[in-house]
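1. I would like the atomic coordinates for the input below:
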Amino acid sequence: MSVDNEEIIVLGIESTAHTFGVGLATSKGKILANVNESYRPKEGGIHPRESAEYLSAVAPKVLFKAMEDAGITFREIHGVAVALGPGLGPCLRVGASIARALSIKFKIPLIPVNHGVAHIEIGRLTEKMFDPLVVYLSGGNTLIAAFSQERYRIFGETLDIAIGNCIDVFAREIGLGFPGGRAVDELASRGSRYVELPYVVKGQDLSFAGILTAALRLFREGRYPVEDIAYSFVETLYSMVAEVAERGLVHTGKRELLLVGGVARSPLLRKKLETISRDHNVKFRCVKPEFAGDNGAMIAYTGALALKAGVKTKVEESYIKPRWRVDEVDIPWFHMVRKMII
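-> Sure thing, here's the model as predicted:
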């Protein structure tokens, strides 16, 4: 089927970590459905095998609910996209297996999507930003990126753990449960005294492991109120992100700043990025909560763009890529979206 001159519909599957999501979207940027179910461990963090079992169990319900919401049949879909990485191997295999089966059964193209690229593309679409500097922060990823020479180039990233994982571990260790972002922010809002913690920025890269260790040591020592420790913790983390984002703006000369990923839900972080955006007279936008966390719509939309640009893969070559980096992906559709955004 030729898709050169028509609006195409793609079904997208997300299963990189704790969320099984199914979305349907068109190549012209219309989101037809976005249904997601997330695994919540009773204690501790995400166990890949347990999460994969949960995703497998909820997959049929999520898939058919998305089709119902979109009001279309499988025969009307032009392709099926799946996040092949980065992510947890057992979880990635769940989505990949279902996507391969749909591709074979309905004889439609299988489209490989990078999870991080999808976060960027849904942000560009919904926030109407054509060529931004991107701050992408989530449980498994922390990076500053911008488009250059047909790819999203990384201008700064974490050297150890991701910021979302850092916050979740802190929350779990002080008794706030999982996920921890909103709870830690709320606790921090009740703190007033800053307690010095390691501030580790190396050029445009960041390191969070030492901050986490130091904050937990302060908590266990019991010398400071936990509200002050939480306040100091997020103040340090978000200030580091703001510094490398500001440096990225100056370095790249971009006139737009876009915040995406699950950590984008933090009002404390958004306030800092709004401040540096005003200082540099650039446009700032934050992806909406619906699309901040992992979701199927971002995979579907990015898959629709990719298919329109001729990107697809053979089923027998659709390997999962747990460490698939954003800057390893060609973006032939980048300029294609100008009319939808501007």
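2. List the residues that contact Leu259.
-> Leu259 makes contacts with 123, 135, 137, 269-270, 273, 284-287, as judged by C-beta atoms under 8 Å, 6 or more residues apart in numbering. Where you see a C-beta, it was placed from the backbone N, CA and C, and this is true even at glycine.
3. Looking at the residues you listed, which are in helices?
-> Of the contacts of Leu259, the ones assigned to helices by DSSP state H are 123, 269-270, 273.
4. out of those residues, who's nearest Arg325?
-> Gly123 (18.1 Å; C-beta to C-beta).
5. From Met129, how far off is that closest one?
-> Distance of Gly123 to Met129, computed by C-beta to C-beta, to the nearest Å: 7 Å.
6. if we can go back for a sec, which among the contacts of Leu259 count as buried?
-> The neighbour count (16 or more other C-beta atoms under 10 Å) marks 123, 135, 137, 269-270, 273, 284-287 as buried among the contacts of Leu259.
7. Can you tell me which of these is closest to Leu92?
-> Closest to Leu92, out of all of the buried ones among the contacts of Leu259 and judged by C-beta to C-beta, is Leu137, at 20.8 Å.
8. residues in contact with the closest one?
-> Contacts were defined as C-beta under 8 Å, 6+ apart; by that measure Leu137 touches 162-164, 241, 259-264, 269.
9. Export these as CSV, with columns for pLDDT.
-> Formatted as CSV, the contacts of Leu137 follow (pLDDT from 0 to 100):
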residue, pLDDT
Ala162, 96
Ile163, 97
Gly164, 94
Val241, 98
Leu259, 98
Val260, 98
Gly261, 96
Gly262, 92
Val263, 94
Ala264, 93
Leu269, 95
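10. Highest neighbour count among those?
-> Val260 (30 neighbours; other C-beta atoms under 10 Å).
11. Looks like that residue contacts Ile120 (just checking).
-> Yes - assessed by C-beta atoms under 8 Å, Val260 is found in contact with Ile120 at 6.1 Å.
12. intersection of neighbour lists for the two?
-> Here Val260 and Ile120 have 134, 136 as joint contacts, going by C-beta under 8 Å, 6+ apart.
13. Of the ones in helices among the contacts of Leu259, which pair is most distant in space?
-> Farthest pair in these (C-beta to C-beta) is Gly123 and Leu269. Separation: 14.6 Å.
14. Number of residues surrounding Glu221?
-> With other C-beta under 10 Å as criterion, Glu221 counts 9.
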